[in-house]
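> fold the following and give me the result.
(one chain, ligands or ions: 2)
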Amino acid sequence: MEFTIAVLPGDGIGPDVTGEALRVLEAVARRFGHAFDAREGRIGGNAIDAVGTALPDETLETCNGADAVLFGAVGGPKWDDPGARVRPEDGILGIRRSMGLFANLRPVRVEPMLANSSPIKRDRLEGVDMIVVRELTGGLYFAKPKKRWRNSRGRRGVDTLRYTEEEVVRILRVGFSLAMARRKRLTSVDKANVLETGRLWREIATEVADDYPDVEVEHVLVDNAAMQLIVRPAHFDVVVAENTFGDILTDEASVLSGSLGMLPSASLAGLPDHASGDRAGPVNGLYEPIHGSAPDIAGQGIANPIGAILSLAMLLRHSLGLEAEATAVEQAVRGVLAEGYRTRDIAGDGGDVVGTVRMGSVIAGRV
Ligand code: IPM
Ligand code: MN
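Ligands and ions are numbered 1, 2, ... in the order given. Reported below is the predicted structural model:
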């Protein structure tokens with residue numbers, strides 16, 4: 001089959017890791033006889049330098065015209081001036097918002113052979129297999145007013161935490177649908193003891209739960225959830241949280257897997273229906289490792305490309321409906337880890353420490 005994929009490497013280690021994901025994509029094309037047309041676009045700091053905006057219209061058109069988007073990372077000290085008019089992050093936020101990618105799926109698994117790379121005690125990591133469903137187009141990230149100003153008493157700033165019923169319902173439904181296909185446990189995260197949006201969230205979660213009687217639901221306050229993630233991570237199956245809470249909790253959860261560099265994510269405008277065999281065709285979505293641009297190690301050839309490569313696997317599965325291909329990529333990753341290949345960030349147990357390109361190449365070779 002033929003597919004078009006928009007590739008947005010971005011800044012820092014973004015180009016390093018997306019380059020390896022593309023290498024793996026070529027291997028998938030050869031093995032399974034597909035043709036992938038990868039179209040590159042600028043985003044983030046390098047787009048600001050080139051054309052003055054973090055998300056050029058051209059890039060957005062490339063994304064909208066593609067079957068799926070593979071994204072690297074944006075940002076870096078060069079563009080970090082708090083007074084700057086444009087910021088690299090506007091690029092990714094703009095795509096999420098304009099493509100309506102409200103559902104961010106962040107699976108967290110612990111590969112047993114990497115358990116020694118995690119600072120968490122090994123026995124707690126046994127059986128960790130959760131997916132965090134982060135709301136991605138609402139809340140503090142986007143709601144207005146959002147501004148900074150100055151009055152006679154000094155500087156002021158405001159961000160707005162606002163959610164509509166529709167936004168809360170649709171993200172919870174994504175969570176419940178996923179739970180139905182998994183261990184049927186859903187943790188709804190909120191701050192209902194303090195925030196009005198938290199009380200709204202809990203009320204709606206309780207109502208939506210009625211439609212999924214087979215799913216065991218719990219409501220957990222976000223501060224407590226942050227603690228439980230470390231104390232008993234294996235307890236969690238599907239965790240649903242609003243935008244900012246989901247952002248924070250997933251960086252925390254990544255520690256379980258041994259490294260932020262390991263984790264993939266998918267951002268979708270809805271959940272593709274895998275159950276019904278008659279899919280209408282590709283469902284556009286954006287796929288990115290959850291790590292950032294890591295400017296401190298950019299261009300050194302040492303970044304871990306596995307988060308990007310596993311994001312590619314999610315792209316193949318969720319947007320292109322290529323399940324066997326996605327599984328082949330995931331098995332290739334597991335295979336090279338079992339053989340002892342390690343990038344620096346996951347070398348806690350020794351093993352054969354390799355750079356970004358070598359890791360990408362051995363994974364592609366196994367596909
Ligand atoms: C993430 C990142 C982004 C976010 C930044 C780069 C805007 O931290 O994808 O988790 O906060 O959503
Ligand atoms: Mn984040």
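> up against ligand 1, what does the stretch 101-250 of the chain have?
Residues of the stretch 101-250 of the chain lying close to ligand 1 by C-beta under 6 Å from any ligand atom are Asp247. In short, each C-beta sits where N, CA and C put it, glycine included.
> and the residue nearest the centre of this protein?
Ser265 (2.6 Å; C-alpha atoms, centre = their mean).
> list the contacts for whichever residue of the chain sits closest to ligand 1?
As assessed by C-beta to the nearest ligand atom, ligand 1 sits closest to Glu89 within the chain, at 4.0 Å. Going by C-beta atoms under 8 Å, 6 or more residues apart in numbering, Glu89 touches Gly44, Ala54, Val74, Gly75.
> now for those residues, which pair is the farthest apart?
Ala54 and Gly75 (9.7 Å; C-beta to C-beta).
> any idea how far stretch 197-217 is from the middle of the chain?
Here the centre of stretch 197-217 is set off from its chain's centre by 24 Å, with C-alpha atoms, centre = their mean, to the nearest Å.
> one more: stretch 129-138?
Put simply, stretch 129-138 sits 8 Å off its chain's centre (C-alpha atoms, centre = their mean).
> buried residues in that stretch, which are they?
Buried positions in stretch 129-138, judged by neighbour count with 16 or more other C-beta atoms under 10 Å: Met130, Ile131, Val132, Val133, Arg134, Glu135, Leu136, Thr137, Gly138.
> if I read this right, the second one contacts Gly246, doesn't it?
No. Distance between Ile131 and Gly246: 11.3 Å, which falls outside the contact criterion (C-beta atoms under 8 Å).
> neighbour count: Ala54 and Gly75, which is higher?
Ala54 (28 against 23; other C-beta atoms under 10 Å).
> who touches stretch 328-342?
24, 28, 31-32, 111, 113-114, 306, 309-310, 312-313, 316, 349-354, 358-359, 362-364, 366-367.
> send me it as PDB with only the CA atoms.
What follows is stretch 328-342, C-alpha atoms only, in PDB (Å, rounded to 0.1, in the frame of the first residue of the first chain):
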ATOM      1  CA  ALA A 328       7.300  -6.200  13.900                       C
ATOM      2  CA  VAL A 329       8.800  -2.800  15.000                       C
ATOM      3  CA  GLU A 330       8.000  -3.400  18.600                       C
ATOM      4  CA  GLN A 331       9.500  -6.900  18.500                       C
ATOM      5  CA  ALA A 332      12.600  -5.600  16.900                       C
ATOM      6  CA  VAL A 333      13.000  -3.100  19.700                       C
ATOM      7  CA  ARG A 334      12.600  -5.800  22.300                       C
ATOM      8  CA  GLY A 335      14.900  -8.000  20.400                       C
ATOM      9  CA  VAL A 336      17.800  -5.600  20.300                       C
ATOM     10  CA  LEU A 337      17.300  -4.800  24.000                       C
ATOM     11  CA  ALA A 338      17.400  -8.500  24.800                       C
ATOM     12  CA  GLU A 339      20.600  -8.800  22.800                       C
ATOM     13  CA  GLY A 340      22.100  -6.200  25.200                       C
ATOM     14  CA  TYR A 341      22.200  -3.000  23.000                       C
ATOM     15  CA  ARG A 342      21.800   0.100  25.100                       C
END
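> what residues are shared contacts of Ile131 and Gly246?
Arg106.
> this protein: strands as residue ranges?
Listed in chain order, the strands of the chain (DSSP state E) span 2-10, 35-40, 68-73, 103-109, 129-135, 147-151, 154-158, 185-190, 216-221, 238-241, 264-268, 285-289, 341-342, 352-353.
> redo these as CSV? Include mean pLDDT.
Below are these laid out as CSV (pLDDT from 0 to 100):
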stretch, mean pLDDT
strand 2-10, 97
strand 35-40, 98
strand 68-73, 98
strand 103-109, 97
strand 129-135, 98
strand 147-151, 97
strand 154-158, 98
strand 185-190, 98
strand 216-221, 98
strand 238-241, 98
strand 264-268, 97
strand 285-289, 97
strand 341-342, 96
strand 352-353, 91
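> for those, which one sits closest to Pro82?
Among the strands of the chain, strand 147-151 comes nearest to Pro82, with 9.1 Å by C-beta to C-beta.
> between that closest one and strand 154-158, how many degrees?
160 degrees (axes from the mean of the first three to the mean of the last three C-alpha atoms, to 10 degrees).
> what residues does strand 147-151 touch?
Strand 147-151 is contacted by residues Arg155, Arg156, Gly157, Val158 when judged by C-beta under 8 Å, 6+ apart.
> many thanks, have a good one.
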